Every structure is written in C-alpha cells, then in structure tokens.
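Q: Sequence and predicted model, in that order:
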Amino acid sequence: MYIYIKRFLDIVFSVVFLVVFSPFLLIIGLAVRLGSRGPALFRQERIGRDGKIFRIFKFRSMTVGAEGTGSGVYSCKGDPRVTKIGRFLRALSLDELPQLFNILAGQMSFIGPRPVLTYHPWPLAEYTEEQLGRFSVRPGITGLAQVNGRKQTPWVKRIEFDLLYVKKISFITDMSILFSTVFKVFKSEKNLSEQDAETGKALATNLKN
C-alpha cells in the first residue's frame, strides 16, 4: 500500500516544488548559461525501474563534453572540468533540482536508489540476480547509500544499501533518509568521489568472483 501512497506524495510535492521554486530554477538556469558555454540542462541516460532506460535532468555543473575528458565519470576535489557556478550548485546539491520533472513523469521518486549510468559501475546484464533487486523500485534523488557515505562509499557497498532499502521501504524509512540528506547537504558532507575507473573495475571483478 505504501508504494501507492509514495507515488501520490511524489506527484503532489513535485508539482508544489516546481510551482514554488520556478523563479529560482529560472535564475539558476540563466546563471549556468552565462557562466560557461553550453546548455543550462544536462541530460544523461540512466537505468530506472525494471531496468528501463530514461533521461535524467540536472543543471549542468561541468564543461561540455566533460565525461570524455580527465577522469571521466569520476570527479574529485579541484576538478578543472567543474564550472564556478557548478561548484556552488554541487555543494548544495542544487544541480539535482531539475529531477523534479523526472519525478513528475514517474521515472523517479524523491527517495530511492540513485539511478545508475547504463555502463557504470557496470552494464545491466552484468548485475547479479540479487543486485537486480535494486531496480524493482523507482530510483530517487537521494537514498540510503547517499546518507551512508555518498560518493565515498564503494559501489559494492552502495548496492548493498540499495537492496536494504528495497527490503525496508516504508514511510518511516523515507522520512529518516530525507532528514539525514538535508543535514548532510548543509554540511556538504562526502560529495566527492574517491574512486577511479580502475578501482570501480576491480570492485566489479571481485564481486563476480
């Protein structure tokens, strides 16, 4: 029953936030456009519920084509690919605000496992049968893994948190994650990745063995 209530709350609050914060969203979008060459929004394919591919929306916080340069999908402190306005947006997680549209469209939820890239940490076909359980619910803007280390948590552990969330999904669990997220965002805790491509590849290999 809570799954249906959760979806109803997602619709209501995404509409409310989009209406209330629309002027703020426009200001951020303009700042991103004026701050560096390229569009205000960044679109990227992610894996959603039941393994379906969708395009996630974010305010662009890096230079155009950043994924194909430097450390690729990983970003560390002082990353030159991150724009000046992008550093500010990332510090307060404001770059995630356009995902309100993803929530309204039914592709995401406020709380749930973060939607992963189609190729990272590994392709969908390479997830174990147990790990595929993380895709049984809508992905979220924030989740259990994000309040337990965020980007400093190894991928294997993040997936374990995602699976734990799926098993314990409830209103109380979601409220706990929400309040923990707000606290960590204001403290700007652990929002930088400490892994590199080789680390991610090694973790994937160890998991399969």
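A: Structure received.

Q: remind me, longest helix of this structure?
A: For the chain, the helix with the greatest residue count under DSSP state H is helix 2-20.

Q: For that one, which helices and strands make contact with it?
A: Contacting helix 2-20 under the criterion 3 or more CB pairs under 8 Å, 6 or more residues apart in numbering; DSSP states H and E are the following elements: helix 99-104, strand 109-111, helix 171-187. Glycine gets a C-beta too; all of them are placed from N, C-alpha and C.

Q: most neighbours per residue, which of those?
A: strand 109-111 (a mean of 25; mean count of other CB atoms under 10 Å).

Q: just for the chain, where's the confidence low?
A: 70-76, 188-209 (pLDDT under 70).

Q: three-state assignment of the residue sitting nearest the centre point of it?
A: For the chain, the residue whose C-alpha lies nearest the mean C-alpha position (CA atoms, centre = their mean) is Arg114; its distance is 4.5 Å. For Arg114, the secondary structure call by DSSP: H, G, I helix; E, B strand; the rest coil comes out as coil.

Q: what's the answer for Gly78, then?
A: Relying on three-state DSSP, one would call Gly78 coil.

Q: I'd like the distance between it and Arg87.
A: 10 Å (CB to CB, to the nearest Å).

Q: Neighbour count for those two, which is higher?
A: Neighbour count, other CB atoms under 10 Å: between Gly78 and Arg87, Arg87 has more, with 12 against 8.

Q: Could you list the buried residues of the helix or strand where that one lies?
A: For Arg87, the enclosing helix or strand under DSSP states H and E is helix 84-91. By neighbour count on 16 or more other CB atoms under 10 Å, the buried set for helix 84-91 is 85-86, 88-90.

Q: For the residues you listed, could you give me TSV that also reports distance to Glu67?
A: Supplementary listing: the buried residues of helix 84-91 in TSV, determined by distance: CB to CB, whole Å:
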residue	distance to Glu67
Ile85	19
Gly86	14
Phe88	21
Leu89	17
Arg90	15
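
Q: mind pulling up the phi and psi values for the residue nearest to the centre of the chain?
A: Main-chain torsions, Arg114, degrees, to the nearest 10: phi -60, psi 140.

Q: Excluding sequence neighbours, find me the nearest residue to it.
A: Gly143 (5.6 Å; CB to CB, 6 or more residues apart in numbering).

Q: that older thread, return the closest of the buried residues of helix 84-91 with respect to Gly51.
A: Nearest to Gly51 out of the buried residues of helix 84-91 is Arg90 (CB to CB; 28.2 Å).

Q: quick one: secondary structure of Phe54?
A: Phe54 ends up strand, using three-state DSSP.
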